[in-house]
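**Q** here's my sequence, what's the structure:
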Amino acid sequence: MKSIFGKKKVTHQWRGVIEEYRHRLPVSDKTPVITLREGGTPLILAQHLSEMLGNEIWLKYEGTNPTGSFKDRGMTMAISKAAEDGAKAVICASTGNTSASAAAYATKAGMVPAVLIPAGKIAMGKLAQAVIHGATILQVNGNFDDCLTLAKELSENYPVALVNSLNPYRIDGQKTGAFEVVDFLGDAPDMHVLPVGNAGNITAYWRGYKEYRKDGLARQLPQMWGFQAAGSAPIVKGKIVKNPDTIATAIRIGNPASWEQAIDARDSSGGLIDSVT
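**A** Numbers count the residues shown, from 1 in each chain. Here you go, the predicted structure:
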């Protein structure tokens with residue numbers, strides 16, 4: 001590549017998480033890579049917060065992903081593997097981010113995306129993204145957990161791939177966030193703090209940190225601290241919340257799909273999962 005001044009310009013263009021971390025993901029030469037160049041998101045030093053707390057606070061800003069959330073990391077894997085299996089359609093339950101991501105990646109792959117949403121309980125901006133990408137939107141009289149149960153049933157009885165975080169490839173893709181953190185900092189942080197809804201992200205980050213530690217690419221493992229909304233805190237309460245309630249639509253989930261894995265991440269790391277208002 002040459003610059004406008006004629007001198008050779010050496011640069012690395014980010015290729016998406018599958019190509020950047022191919023050797024750490026369950027893909028092969030037969031896997032068609034469906035990517036929108038997700039990942040490679042900035043890790044930003046929060047200077048004011050760092051000064052207030054007397055520690056370095058870094059923010060992993062996932063809003064720069066193609067559809068604006070970390071879900072794109074997992075969706076590139078889920079859709080790529082679905083394409084490898086010959087899928088023509090995908091389905092998901094969503095309160096926002098997953099619907100936008102699934103629709104964008106499925107459309108890129110030439111698949112038909114269908115999204116189940118709880119009636120009146122979805123982030124409208126994310127729903128708009130799904131609609132723009134041509135998703136079939138089905139409203140369900142119930143909450144997210146009802147939508148997920150129905151989506152799972154449909155995927156088991158019809159030729160449509162489920163791309164919620166029950167899909168193991170979603171977790172594989174999302175663990176690359178941990179790789180990026182360690183690659184940037186030179187080691188895992190002392191503590192990783194994140195919101196918990198369906199609990200796929202805390203599960204994925206913990207898996208990623210463990211893999212890097214096992215291979216000698218990180219000297220330590222972080223404590224994993226997760227936070228649920230007080231009105232949608234099944235893990236904190238130790239029981240399913242039948243009618244979860246919070247203005248944070250993305251974590252308005254009463255029965256997380258990765259519940260057990262989140263508890264393992266908390267306990268194995270010496271961390272905690274708590275609720276906030």
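**Q** packing partners for the lowest-mean-pLDDT helix or strand in the chain?
**A** The helix or strand with the lowest mean pLDDT-type score in the chain, counting by mean pLDDT, DSSP states H and E, is helix 124-132 (a mean of 88). If you count contacts as 3 or more CB pairs under 8 Å, 6 or more residues apart in numbering; DSSP states H and E, helix 124-132 packs onto helix 97-108, strand 112-118, strand 136-140. Placement of C-beta: from N, CA and C, glycine included.
**Q** pick the most deeply packed of the ones you listed.
**A** Mean neighbour count (mean count of other CB atoms under 10 Å) peaks for helix 97-108 among those, with a mean of 28.
**Q** let me know the average pLDDT across that one.
**A** Averaged over helix 97-108, pLDDT sits at 96.
**Q** send me the least confident helix or strand of the chain as PDB with only the CA atoms.
**A** This file holds the C-alpha atoms of helix 124-132, laid out as PDB (Å, rounded to 0.1, in the frame of the first residue of the first chain):
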ATOM      1  CA  MET A 124     -36.400   0.300  19.400                       C
ATOM      2  CA  GLY A 125     -33.100   1.400  17.900                       C
ATOM      3  CA  LYS A 126     -31.900  -2.200  17.700                       C
ATOM      4  CA  LEU A 127     -35.300  -3.300  16.400                       C
ATOM      5  CA  ALA A 128     -34.900  -0.700  13.600                       C
ATOM      6  CA  GLN A 129     -31.600  -2.200  12.700                       C
ATOM      7  CA  ALA A 130     -33.100  -5.700  12.400                       C
ATOM      8  CA  VAL A 131     -35.900  -4.400  10.200                       C
ATOM      9  CA  ILE A 132     -33.500  -2.500   8.000                       C
END
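**Q** what sits up against that helix?
**A** Helix 124-132 is contacted by residues 67-68, 94, 96-97, 99-100, 102-104, 113, 115, 117, 137 when judged by CB atoms under 8 Å, 6 or more residues apart in numbering.
**Q** give the buried residues for that helix.
**A** Applying a neighbour-count criterion of 16 or more other CB atoms under 10 Å, one finds Lys126, Leu127, Gln129, Ala130 buried in helix 124-132.
**Q** export the contacts of helix 124-132 to CSV and tack on distance to Glu180?
**A** What follows is these, written out as CSV (distance: CB to CB, whole Å):
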residue, distance to Glu180
Thr67, 18
Gly68, 17
Ser94, 24
Gly96, 23
Asn97, 19
Ser99, 25
Ala100, 21
Ala102, 22
Ala103, 25
Ala104, 21
Pro113, 27
Val115, 28
Ile117, 30
Ile137, 32
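**Q** done for today, thanks.
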